[in-house]
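J.: Next come a sequence and a model predicted from it.
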Amino acid sequence: QLQVVESGGGKVQPGGSLRLSCAATGFSLAFYRITWFRQAPGNERELVSCIGISEAFVNYTESVKGRFTVSRDNAKNEIILQMNNLKPEDTAVYYCAATRSLRGACPSARDQYAYWGQGTQVTVSS
């Protein structure tokens, strides 16, 4: 079955860290640009970060710059989102998505992505 699956979510206190993983089965992530989205209750889906087929291309939304780091592990066929200094406003369901759209800005439209995960909940609260 061709799919991506997120893991690593949980509940942490403000200032804490989480490491999210996006793992693929049935295909190689090495040929896809991967984007992390998040959606909090009552809010629209937000693009958090994306990484090209090369780690030379990474992008972050302004609110997470300096705190989040996205990386590839092609040997394990997974993408990692390391989240440090978490804030309550980071609370959301985090999704990863894979696209073969490799040029230009990271797409935000759902139909630009071939694969979507089911999401993993991140809660930042004291």
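T.: Yep, that arrived. Numbers count the residues shown, from 1 in each chain.
J.: The closest residue to Val58 other than its chain neighbours: neighbouring residues, count only.
T.: Distances taken as CB to CB, 6 or more residues apart in numbering put Ile51 closest to Val58, at 5.0 Å, once the chain neighbours are dropped. To be clear about C-beta, it is placed using only N, CA and C from the backbone, and glycine gets the same treatment. The local packing of Ile51 (other CB atoms under 10 Å) involves 26 other residues.
J.: need the contact list for Gln82.
T.: Listed by CB atoms under 8 Å, 6 or more residues apart in numbering, the contact set of Gln82 reads 17, 19-20, 68-71.
J.: For the most centrally placed residue in the chain, list each beta-bridge partner.
T.: Ranked by distance to the mean C-alpha position of the chain (CA atoms, centre = their mean), the top residue is Trp36 at 2.4 Å. Assessed by DSSP bridges, Trp36 has beta-bridge partners Ser49, Cys96.
J.: neighbours of Ile53, just the number please.
T.: Applying other CB under 10 Å, we find 16 residues neighbouring Ile53.
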